[in-house]
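Asks: Kindly return the folded structure for what I paste below:
(one chain, ligands or ions: 1)
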Amino acid sequence: MPLSLHNTLTRKKEVFAPIDAKKVRMYVCGPTVYDFAHIGNARPVIVFDVLYRLLRHVYGEAHVRYVRNITDVDDKINAAAKANGENIRDLTERTAKEFHADTKALLCLEPDVEPRATEHIAEMIAMIERLIASGHAYEAEKHVLFSVQADKDYGKLSHRNRDEMIAGARVEVAPYKRDAADFVLWKPSPDDLPGWDSPWGRGRPGWHIECSAMSEKHLGPSFDIHGGGLDLIFPHHENEIAQSECAHGGAPFARYWLHNGFLMVEGAKMSKSEGNFRTIRDVLGEAPGEAARFAMLMGHYRDPLDWTSERLMQAIYGLDRFYMALRGIDAAPAAIPVRVLEALDDDLNTPLAIARLYELLGELNTANTTADKARWAGELRAGGLLLGLLQQDSEAWLQGETIDPNEISDAVVKRLEERDWIDEQIRLRLAARQTKNFAEADRIRTDLALKGIILEDGPKGTTWRRAG
Ligand SMILES: [Zn+2]
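Replies: Below you'll find the predicted structure:
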């Protein structure tokens with residue numbers, strides 16, 4: 001089954017065919033480094049890490065180039081540095097380092113290139129000069145603006161009409177703009193803000209031109225996949241397309257546009273005032289990174305995802321079950337199971353891929369011989385690989401050794417204690433049944449049920465799961 005991906009540009013699921021199968025190219029918009037990344041920022045990082053792993057599997061590791069930028073010049077950065085009383089460079093360096101620690105904890109591979117905006121100012125200036133020369137941009141009062149009227153294709157990604165675009169972009173109405181929808185490519189910088197010399201005076205780039213210049217430098221004018229969150233479709237990605245295609249004489253920019261859905265927290269839009277704002281670091285204090293990753297992949301990337309503590313606990317218990325089953329088994333080497341691959345080939349259907357991992361878990365748990373156990377354990381490990389899951393040593397997971405002891409949260413300690421307690425209850429119930437004390441056995445079962453723990457008696461003994 002070939003890889004199919006939903007393309008925002010055509011609003012259809014399409015079979016993926018790279019421009020050059022020996023050089024598959026993907027660009028994903030990275031973080032603006034002014035503060036700890038929030039859990040919503042983790043979603044594209046994890047989703048496109050799975051796609052990167054899948055592309056490397058299909059085309060070979062040497063034939064995939066993944067670029068994810070770091071935006072280290074931005075008005076939000078300037079404002080945060082001022083608020084902290086911190087040097088701008090110190091702030092961006094510190095925040096980029098924290099972001100890397102977060103992505104590592106979430107078990108994401110590093111991109112092949114991680115360009116920084118401040119290291120590509122010359123490329124941005126050159127692209128802006130080309131846009132002015134081709135009549136797609138103009139200088140006005142030390143600003144350079146992109147002329148939306150000069151681009152007949154403008155709006156093709158977001159499928160919006162002009163009024164919606166102006167409303168959606170919340171564009172500043174400035175007297176020097178020819179059209180309200182025109183957006184900034186370059187703007188003047190006062191002496192106390194970061195700035196670079198340019199043909200239009202000392203200034204700094206607009207956000208959109210950064211990605212156009214960095215993707216051109218590292219992937220060329222046309223490449224295969226461009227990804228990011230749904231909130232970036234307009235205006236950011238629409239503007240990237242306009243800049244890049246107009247600067248390249250109309251050559252198509254990215255061919256497949258992929259967008260992950262919104263993330264809510266505890267049923268509501270995340271906001272500091274709602275009290276449901278969670279950084280990745282907060283989440284890593286509640287659970288191991290693998291559990292956060294698993295929780296994220298339990299939802300399909302295009303669907304909205306509600307980040308709840310229940311989802312996180314479900315992920316932790318799920319991983320407990322997998323690692324319990326893998327405990328003490330020498331997994332036989334295995335190819336990626338077809339059933340897992342098929343799920344991911346279908347527009348990165350990670351919930352289905354996870355369901356397939358549970359099928360493999362069922363096979364492993366009912367296997368009778370050492371050889372069968374080794375075989376199913378091997379398939380399970382191989383299936384987990386593309387999702388970036390189930391690669392740890394079982395004991396390390398079960399004992400929580402991979403977590404920094406200083407960072408083990410109460411929730412993790414609680415679940416470890418609770419699991420031991422449930423195992424003990426199951427043993428006591430079995431003992432009661434063996435002595436025909438059925439009243440006591442029933443009492444234990446009911447007691448657990450009241451706590452949301454369901455016991456299931458099978459040929460292999462008693463297992464448990466959470467209710468619902
Ligand atoms: Zn971007």
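Asks: how much space is there between the residue in the stretch 351-468 of the chain positioned nearest to the ion and Arg25?
Replies: As assessed by Cβ to the ion, the ion sits closest to Gly388 within the stretch 351-468 of the chain, at 23.4 Å. In this view, the C-beta of every residue, glycine as well, is placed from N, C-alpha and C. For Gly388, the distance to Arg25 equals 21 Å [Cβ to Cβ, to the nearest Å].
Asks: Which of these two has more residues huddled nearby?
Replies: Arg25 (25 against 21; other Cβ atoms under 10 Å).
Asks: Could you verify that the more buried one is part of a strand?
Replies: Yes - the assignment for Arg25, made by DSSP: H, G, I helix; E, B strand; the rest coil, places it in a strand.
Asks: The residue of the stretch 351-468 of the chain closest to the ion against Leu51, yeah?
Replies: No - assessed by Cβ atoms under 8 Å, Gly388 is found out of contact with Leu51, at 11.3 Å.
Asks: Can you classify whichever residue of the stretch 301-450 of the chain sits closest to the ion as helix, strand or coil?
Replies: In the stretch 301-450 of the chain, the residue that lies nearest the ion is Tyr301 (17.7 Å; Cβ to the ion). Under three-state DSSP, the three-state class of Tyr301 is coil.
Asks: so what's it up against?
Replies: If you count contacts by Cβ atoms under 8 Å, 6 or more residues apart in numbering, Tyr301 has them with 43, 47, 258, 260-261, 348, 350.
Asks: out of those, what pair is the most spread apart?
Replies: Leu258 and Thr350 (13.4 Å; Cβ to Cβ).
Asks: Could you list the residues of this protein in contact with the ion?
Replies: Within the chain, the residues that sit near the ion (Cβ under 5 Å from the ion) are 29, 211.
Asks: so where does Phe277 fall, helix or strand?
Replies: For Phe277, there is no helix or strand it lies in under DSSP states H and E.
Asks: The closest residue to the ion within the stretch 1-150 of the chain: how many residues sit nearby?
Replies: The ion sits closest to Cys29 of the stretch 1-150 of the chain, with a gap of 3.3 Å, by Cβ to the ion. Neighbourhood size, Cys29 [other Cβ under 10 Å]: 23.
Asks: Excluding covalently adjacent residues, which one is nearest to it?
Replies: The spatial neighbour of Cys29 that comes closest, neighbours along the chain excluded (Cβ to Cβ, 6 or more residues apart in numbering), is Gly228 at 4.1 Å.
Asks: what's the answer for Cys108, then?
Replies: That would be Asp49: by Cβ to Cβ, 6+ apart, it lies 4.2 Å from Cys108.
Asks: quick one: that neighbour and Leu387 touch, right?
Replies: No - with contact defined as Cβ under 8 Å, Asp49 does not reach Leu387; the gap is 9.4 Å.
Asks: about what we covered before: identify those among the contacts of Tyr301 that sit within strands.
Replies: Of these, the ones assigned to strands by DSSP state E are 258, 260.
Asks: Buried residues in stretch 335-345, which are they?
Replies: 336-337, 339-341, 343-345 (16 or more other Cβ atoms under 10 Å).
Asks: export that stretch as PDB, just CAs?
Replies: Only the C-alpha atoms of stretch 335-345 are listed here, as PDB (Å, rounded to 0.1, in the frame of the first residue of the first chain):
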ATOM      1  CA  ALA A 335      10.700  -6.400  10.100                       C
ATOM      2  CA  ILE A 336       8.100  -3.700  10.700                       C
ATOM      3  CA  PRO A 337       4.800  -5.500  10.800                       C
ATOM      4  CA  VAL A 338       2.700  -4.900   7.700                       C
ATOM      5  CA  ARG A 339      -0.400  -4.200   9.800                       C
ATOM      6  CA  VAL A 340       1.400  -1.300  11.500                       C
ATOM      7  CA  LEU A 341       2.900   0.000   8.300                       C
ATOM      8  CA  GLU A 342      -0.500  -0.100   6.500                       C
ATOM      9  CA  ALA A 343      -2.000   2.100   9.300                       C
ATOM     10  CA  LEU A 344       0.700   4.700   9.000                       C
ATOM     11  CA  ASP A 345       0.700   4.700   5.200                       C
END
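Asks: And for it, what's in contact with it?
Replies: 1-4, 50, 54, 57, 349-350, 352-353, 355-357, 359-360, 379, 382-383, 385-387.
Asks: Got a ChimeraX select line for the buried ones in the residues you listed?
Replies: Buried residues within the contacts of stretch 335-345, by 16+ other Cβ under 10 Å, are selected in ChimeraX with:
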select :3,4,50,54,57,349,350,352,353,356,357,359,360,379,382,383,385,386,387
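Asks: Can you tell me which of the contacts of stretch 335-345 end up in strands?
Replies: Among those, the members that lie in strands (by DSSP E) are Ser4.
Asks: residues contacting Ala382?
Replies: 333-337.
Asks: Please state the mean pLDDT value computed over whichever helix in the chain runs longest.
Replies: Scanning the chain for the helix with the most residues, using DSSP state H, yields helix 410-434. Within the predicted structure, the mean pLDDT of helix 410-434 is 80.
Asks: That one: how far from the chain's middle?
Replies: In terms of Cα atoms, centre = their mean, to the nearest Å, the centre of helix 410-434 is found 35 Å from the chain centre.
Asks: Return the list of helices and strands in contact with the next helix or strand after that helix.
Replies: As assigned by DSSP H and E, the chain's next helix or strand after helix 410-434 is helix 438-450. Helix 438-450 sits against helix 410-434, strand 453-458, with contacts defined as 3 or more Cβ pairs under 8 Å, 6 or more residues apart in numbering; DSSP states H and E.
Asks: could the ones you listed be laid out in JSON lines, adding mean neighbour count?
Replies: Conversion of those to JSON lines gives the following (neighbours: other Cβ atoms under 10 Å):
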{"stretch": "helix 410-434", "mean neighbour count": "14"}
{"stretch": "strand 453-458", "mean neighbour count": "13"}
